[in-house]
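Undergrad: Provide a 3D model corresponding to the input given below.
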Amino acid sequence: MPRRIHVLSEKLANQIAAGEVVERPASVVKELVENALDAGAGRVDVVIRNGGKTEIRVADDGHGMGREDALLSIDRHATSKIRSEADLAAIRTLGFRGEALPSIASVSRMVLETAEREGNGTRVVVTGGQMAAVEECARRVGTTISVRSLFFNVPARAKFLRSTAAENRAVNEVVTTQALATPGIAFSMDSGTRDVLSLPAAGNLGERIAALWGNEAADELLPVAHRMGGSALSGLVQRPNSARPGGRRSYFFVNGRAFSDRTLVRAADRAYRTTIPAGVHPHLFLFLEVPDGEVDVNVHPAKAEVRFRDRIGVERLVEEGVRAALAGIESTPSIGMRAMEPAVYPTTTGYGNMTLREPVQPWGATPPASSDGPAEPRAEPVAEPQMTLFVTGGQDASAAAGKGRGGPLPADLFDGATPVMWQIHNTYILAETRSGLVMVDQHSAHERVLYEQIVGNFDHGGAESQRLLFPITLRLSPAEYALVEQIKGVLERAGFEVEGFGGRSIIVHAVPNPHPYFDPERCLREMIGELTDGSPLVDSARTQHQRIALSMACKGAIKAGQRLTQVEMSELFDKLFATELPFHDIHGRPTVIQLSLAELHKRFGRSG
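TA: Alright, predicted model coming up:
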């Protein structure tokens, strides 16, 4: 009988192995940058074209290689990092398997130029895993590797690559992560059309974070320094009163190596338990140092995960270390504006069976401003016609009467006249109905109204906007800037006119004006952050227009803590009950709770 088992060719075996190491352009950048850092580079420059699908080039000023080492580096399992099993248990380099270069070379057209002495270099050309040329070249000390036409010989893999913008963001994240791991190394990144990153060598982690996200982001962080046994935790974490809902920046490193571990993120979150409301996710930049042999980094093809010998101990180290950093804040609450902020009430799970609860005011915590936290104290607006709650983009209440399920004021709730309304803790609106009482969460209600208004504006050519006498300038992260470039047209239809302003800054010339309390700078900044990092809210959308409408409604709606006039409360009721889904906000939470007269009689022990 003929044999059914065959030994694979070296070319096919290399392509299969490459599938574990090279998933997308960001994987290539990660491997090449790690090699550069292992080579002692003081500067690493990354250039990509078409998201890395056309070309990736990584250059460093490390110690370089001679001709013999350059040729060996293309062979599988050839490495300078380890020599014995003992070395494998004490790995301190980022690379060690000897798989990266041969794997990359097998699915691309790769050119390696390197020199360990000035002017005396070697150029190696490899196409689809086959050596094409080896020649001398004149170059400075260091190494430059160019990878072109990634997956040109594996079209099935190329089909799974995402858009140029998405691949750009993935590469941004890889370079950002490595830059955080090594603040003393200078980094740059060029996307082919613009400079994305230009990071000089920094003196410490805080300086690197300031260079990436601005001084304001760095000023929000607290230092962490904690030791337990032979292990240590250091880094920076966000102050509780600066943390916001939505996406977070969460970076973990062990012995200088970046890794992902949700259980350690949860351990850090446990340390914040008494300092922030539920749903708020502080930024984390944490570095673990553990003894050799206590962590196995050889458990994942892309080295993205690690395994700790004493996982429970590491979780405890993270939780106690973060809690120690927060201890000073917890034990010395400030007296001032925070004492005057309104209480935060637990979210009600439904309506029809009202449960009375005591207000919850977390000691030393600030409620999230992007969902239902208090706004800055404001004077009560004058009840003039031009100062109504909805100033642009909306319909008159009378015109909207037939749109919703029951018109502006549902007949089954209210009598013909507009009811008298009361505002409770500047957060909830209470009104008498025909059969009892109704309470409305003003933020949730306004979210629903704004969302349908924004969607309607998209359907009719875009929102009106007003030009700013003094334009707003925002400094963004590389990923945020790339996103704004991608969605600039949709933002303009939403009313935000933006353009690049050098580096990673944008200038905002015009903004929408959905209501008189609208803060365009805060709304746009929080929208960009949420759209870049993702959130359960925007990730549920099918289109970019829906993502922006959802985020803008959430960030732009009036907040809990905002005092409203009788005219504004009445208009909010009109607009809410003219929407298609008045009883739930865009998160699926209730906007309205009804309490029947019969329930009131029962609560007070009356017979009826």
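Undergrad: which sections of the stretch 401-550 of the chain are below the confidence cut-off?
TA: 401-418 (pLDDT under 70).
Undergrad: How about the chain?
TA: The low-confidence ranges in the chain, as defined by pLDDT under 70, are 1-21, 76-98, 273-275, 277-278, 298-303, 328-418, 588, 608.
Undergrad: Where do the domain boundaries of it fall?
TA: 10-202, 220-331, 387-596 (automatic domain parsing).
Undergrad: Tabulate the ones you listed in TSV, adding columns for distance to residue 214.
TA: Backbone N, C-alpha and C define where each C-beta goes, glycine included. Output for the domains of the chain, formatted as TSV (distance: least, C-beta to C-beta, whole Å):
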stretch	distance to residue 214
domain 10-202	13
domain 220-331	10
domain 387-596	5
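Undergrad: Distance to residue 212 and mean neighbour count for the ones you listed - can I get that in CSV?
TA: Below are those laid out as CSV (distance: least, C-beta to C-beta, whole Å; neighbours: other C-beta atoms under 10 Å):
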stretch, distance to residue 212, mean neighbour count
domain 10-202, 6, 19
domain 220-331, 9, 18
domain 387-596, 6, 19
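Undergrad: Go through the ones you listed and name the closest to residue 213.
TA: domain 387-596 (5.3 Å; C-beta to C-beta).
Undergrad: From the chain's centre, how far out is the closest one? Work that out for me.
TA: 22 Å (C-alpha atoms, centre = their mean, to the nearest Å).
Undergrad: quick revisit: out of the domains of the chain, which comes closest to residue 210?
TA: domain 10-202 (8.2 Å).
Undergrad: Could you give the separation of the longest helix seen in the chain from the chain centroid?
TA: Assignment by DSSP state H gives helix 311-331 as the longest helix of the chain. Taking C-alpha atoms, centre = their mean, one finds helix 311-331 lying 24 Å from the centre of the chain it belongs to.
Undergrad: ok, residue 224 to residue 263 distance?
TA: 18 Å (C-beta to C-beta, to the nearest Å).
Undergrad: who's in contact with the residue nearest to residue 476 when sequence neighbours are not counted?
TA: Of all residues not flanking residue 476 in the chain, residue 504 sits nearest, at 5.1 Å (C-beta to C-beta, 6 or more residues apart in numbering). Shown in contact with residue 504 (C-beta atoms under 8 Å, 6 or more residues apart in numbering): 196, 475-478, 480-481.
Undergrad: So residue 504 versus residue 486, what's the distance?
TA: 14 Å.
Undergrad: what does residue 584 give?
TA: Taken as C-beta to C-beta, the span from residue 584 to residue 486 is 30 Å.
Undergrad: ditto for residue 562
TA: With distances taken as C-beta to C-beta, residue 562 is found 33 Å from residue 486.
Undergrad: can you check residue 99 too?
TA: From residue 99 to residue 486 the distance is 34 Å (C-beta to C-beta).
Undergrad: likewise residue 550?
TA: From residue 550 over to residue 486 (counting by C-beta to C-beta), the distance is 17 Å.
Undergrad: same thing with residue 313?
TA: 44 Å.
Undergrad: Correct me if wrong: residue 529 contacts residue 484.
TA: No - counting by C-beta atoms under 8 Å, residue 484 is not a contact partner of residue 529; they are 11.2 Å apart.
Undergrad: nearest residue to the residue nearest the centre of the chain other than its sequence neighbours?
TA: The centre of the chain sits closest to residue 533, judged by C-alpha atoms, centre = their mean, with a distance of 2.3 Å. Spatially, and ignoring its direct neighbours in sequence, residue 533 is nearest to residue 247 (2.2 Å; C-beta to C-beta, 6+ apart).
Undergrad: Would you enumerate the residues in contact with the one you found?
TA: Applying C-beta under 8 Å, 6+ apart, the residues contacting residue 247 are 281, 529-530, 532-535.
Undergrad: out of those, what pair is the most spread apart?
TA: 281 and 532 (14.2 Å).
Undergrad: Quick one: name whatever helix or strand follows the host helix or strand of residue 445.
TA: Using DSSP states H and E, residue 445 sits within helix 442-459. Per DSSP H and E, the first helix or strand lying C-terminal to helix 442-459 is strand 466-475.
Undergrad: got the angle for the helix or strand immediately after that following strand in the chain vs helix 442-459?
TA: Sequence-wise, the next helix or strand downstream of strand 466-475 (DSSP H and E) is helix 478-493. Put simply, helix 478-493 runs at 70 degrees to helix 442-459, going by axes from the mean of the first three to the mean of the last three C-alpha atoms, to 10 degrees.
Undergrad: Show me what helix 478-493 is in contact with.
TA: Applying C-beta under 8 Å, 6+ apart, the contact partners of helix 478-493 are 165, 168-169, 172-173, 175-176, 189, 191, 196-197, 212, 457-458, 461-463, 476, 497-500, 504, 506, 528-529, 531-532, 544-545, 548.
Undergrad: Which of the residues you listed fall within helices?
TA: 165, 168-169, 172-173, 175-176, 212, 457-458, 528-529, 531-532, 544-545, 548.
Undergrad: And residue 177, how close does it get to residue 513?
TA: 39 Å.
Undergrad: Please apply the same query to residue 527.
TA: Distance of residue 527 to residue 513, computed by C-beta to C-beta: 16 Å.
Undergrad: do the same with residue 265
TA: 39 Å.
Undergrad: same deal with residue 326?
TA: 39 Å.
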